[in-house]
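**Student:** fold the following, please.
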Amino acid sequence: MPALDKAAVVGVVGAGTMGAGIAQVAAQAGHAVLLTDSVAGAVERGLGDIAAGLDRLVEKARMARDQRDAVLGRVRAVAGLEDLAPARLVVEAVTEDLSVKRALFAALESIVAADVVLASNTSSLSITALAAGLTHPGRVIGMHFFNPPPLMPLVEVISGRASAAVAVETVFATARAWGKQPVHVRSTPAFIVNRVARPYYGEAFRLLDEGWADIATIDTLLREAGGFRMGPFELIDLIGLDVNLAVTRSVHAAFFGDPRYAPSLTQQDYVDAGWLGRKSGRGFYDYAPGAAKPKAAEAELGPRPDAVLIEGDLGPAEALVGLWRAAGIPLTRDEAGGRGPAIICHDAVLMPTDGRPASLRAAHPHENLVLFDLALDYATAPRLALAPAEGATAAARAAAAGLFQAAGKRVSEIADAPGMVVMRTVAMLVNEAAEVVQRGVAEPSAVDTAMRLGVNYPLGPLAWADSLGPGRMLEVLDHLADFYREDRYRAAPLLRLNARGGRRFHQ
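**Tutor:** Model (predicted):
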């Protein structure tokens, strides 16, 4: 199905940040754009925002001045919906309220031609519900841009129950012609990105609420070991605690109270205090001038190991072996070692986390077992986390820290958290992504593309699962479920099937 012809007029309803941004994207693609808003002065502000955005492109030599003038000239303010009659595509970006959007589409039906596509920029509302009651429900499609639309490449193209294939494919092709990366999504609560991202926040709150680690340490580990661009608490401060909480509440309610999406009492407490993040000057961090940002827990320098025994295959952590060899540390390997995968250094026994706390894995109460967390890339990660069993001695903890420090890593010691920080978070992201695929919401490639481009994850969750092995992810989730005895950690059926069948998500 071809994209909308460049000669076709695009209507945009709502001239706020999203609406103005969408209008700019369409105009830069060559369309004449009609922009309207029911709020007095909103269109003028929107046009000013578009002009400012284009001016920044000119300043950065990404656009010539005459191109800037041509793009801005293609966006025209109109007084009301009646003026959108010439449009061949109308995109709404009004308030996130189902009744408001439904009334808008009902009004547009009497104005535009019967074959004009009506697209919603909703981030979470049901496309099926938006189309219900219309004379031509098949033309209603979700076209979810990400903020800011001119810069963010992802567009979720959402099909409702009644959406016509021709409308869906036209929007998909048009988004691509506009320089975006579209992904197909079936209309379910929160679509792909806002749904799959919930564990990134939810597990961080769980770790904090249960006292396993502090805010700065969780954020730092997910950035420096996990490879995420921002830690969850830093990201929530940027989004706004109230906004993030509202999305979490909405998703939790939409899934009939599923514990996977349960809001945090800690977050509610911050919102009640008015600590809403950057916009209020205080959230999980203090943004007052001169305020010091708290630092992650940092282990003291431990002794340099004089000999290391490696039992079994360390899996993704094998990259550490090369770092220790390069540091001149004598290594011995025992591929058939009974405790493997394990690293023995002085009197410390180190193992990668498998979802169980160290205290439940120790062979006896006084074994000096120390677990280490997942890293996106053990060779390049600047920091790793350690979690000692309750009975581990101070000497064993120091030896464990010294071993990783000898590989050039900074070390954060956390409490004996089941699944630790990075592994637990990644496992839950993988599980949610697998559930999305299982339910037919989106294909694996669409899920991974959405999470990389929509929220800048270092890897798509399903590609991450393929890299680590679905079996490893299943093992972590089953151990978390056994520890907590909660439905929150139930494994997605597709993940279990892939793990048992030795199948990858991306074949």
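
**Student:** close enough to count as contact, Lys293 and Ala216?
**Tutor:** Yes: here Lys293 reaches Ala216: they are 7.4 Å apart, a contact under Cβ atoms under 8 Å. For the C-beta atoms, the positions are set from N, CA and C on the backbone; glycine is no exception.

**Student:** so which residues of the stretch 301-450 of the chain form strands?
**Tutor:** For the stretch 301-450 of the chain, applying DSSP state E, counting those that start in this stretch gives strands covering 308-311, 331-334, 342-345, 348-352, 369-372, 383-388, 410-413.

**Student:** more neighbours, Lys293 and Ala216?
**Tutor:** Ranked by neighbour count (other Cβ atoms under 10 Å), Lys293 and Ala216 place Ala216 first, with 19 against 10.

**Student:** could I get the strands of the stretch 301-450 of the chain as a markdown table with mean pLDDT and mean neighbour count?
**Tutor:** Shown next, in a markdown table, are the strands of the stretch 301-450 of the chain (pLDDT from 0 to 100; neighbours: other Cβ atoms under 10 Å):
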| stretch | mean pLDDT | mean neighbour count |
| --- | --- | --- |
| strand 308-311 | 94 | 20 |
| strand 331-334 | 92 | 13 |
| strand 342-345 | 94 | 23 |
| strand 348-352 | 96 | 24 |
| strand 369-372 | 97 | 28 |
| strand 383-388 | 98 | 26 |
| strand 410-413 | 98 | 21 |
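
**Student:** right, and the ones you listed - which one's nearest Val25?
**Tutor:** strand 383-388 (38.1 Å; Cβ to Cβ).

**Student:** orientation of that closest one relative to strand 348-352 in degrees?
**Tutor:** Here the directions of strand 383-388 and strand 348-352 differ by 120 degrees (axes from the mean of the first three to the mean of the last three Cα atoms, to 10 degrees).

**Student:** strand 383-388 pairs with which strands, parallel or anti?
**Tutor:** When pairs are called by DSSP bridges, strand 383-388 turns out to pair with strand 369-372 (antiparallel), strand 410-413 (parallel).

**Student:** what's the closest of these to Ala15?
**Tutor:** That would be, of the strands paired with strand 383-388 and by Cβ to Cβ, strand 410-413, which comes in at 45.9 Å.

**Student:** C-alpha coordinates for the closest one, CSV please?
**Tutor:** Extracted C-alpha coordinates of strand 410-413, given in CSV (Å, rounded to 0.1, in the frame of the first residue of the first chain):
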residue,chain,number,x,y,z
ARG,A,410,34.3,-0.6,39.9
VAL,A,411,32.3,-2.7,42.4
SER,A,412,29.1,-2.0,44.2
GLU,A,413,28.0,-4.4,46.9
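
**Student:** domain ranges for the chain?
**Tutor:** With domains defined by automatic domain parsing, the chain comprises 10-187, 195-280, 308-413.

**Student:** quickly list what Val349 is bridged to.
**Tutor:** With DSSP bridges as the rule, Val349 is bridged to Ile344, Leu369.

**Student:** wait, what's in contact with it?
**Tutor:** Contact analysis of Val349 by Cβ atoms under 8 Å, 6 or more residues apart in numbering lists 339, 342-343, 367-370, 396.

**Student:** now with 10 Å, please.
**Tutor:** Contacts for Val349 were tallied using Cβ atoms under 10 Å, 6 or more residues apart in numbering; they are 309, 311, 339, 342-343, 358, 361-363, 367-371, 389, 392, 396, 400.

**Student:** can you give me the strands in the stretch 101-250 of the chain?
**Tutor:** Here the stretch 101-250 of the chain has its strands, by DSSP E, counting those that start in this stretch, at 117-120, 140-145, 154-159, 181-186.

**Student:** does anything pack onto the shortest one? Which helices or strands?
**Tutor:** The one in question is strand 117-120. When contacts are defined as 3 or more Cβ pairs under 10 Å, 6 or more residues apart in numbering; DSSP states H and E, strand 117-120 packs onto strand 10-13, strand 89-92, helix 98-109, helix 127-131, strand 140-145, strand 154-159, helix 165-177.

**Student:** Phe191: which of these is closest?
**Tutor:** That would be strand 154-159 among the helices and strands packed on strand 117-120, by Cβ to Cβ, at 5.1 Å.

**Student:** partner strands of that closest one and their direction?
**Tutor:** Strand 154-159 is paired, per DSSP bridges, with strand 140-145 (antiparallel), strand 181-186 (parallel).

**Student:** make CSV out of the strands paired with strand 383-388 and add distance to Gly211.
**Tutor:** Shown next, in CSV, are these (distance: least, Cβ to Cβ, whole Å):
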stretch, distance to Gly211
strand 369-372, 17
strand 410-413, 14
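
**Student:** how far away is Gly283 from Asp237?
**Tutor:** 4 Å (Cβ to Cβ, to the nearest Å).

**Student:** center of the chain, which residue is that?
**Tutor:** When Cα atoms, centre = their mean is applied to the chain, the residue found nearest the centroid is Ala197 (4.0 Å).
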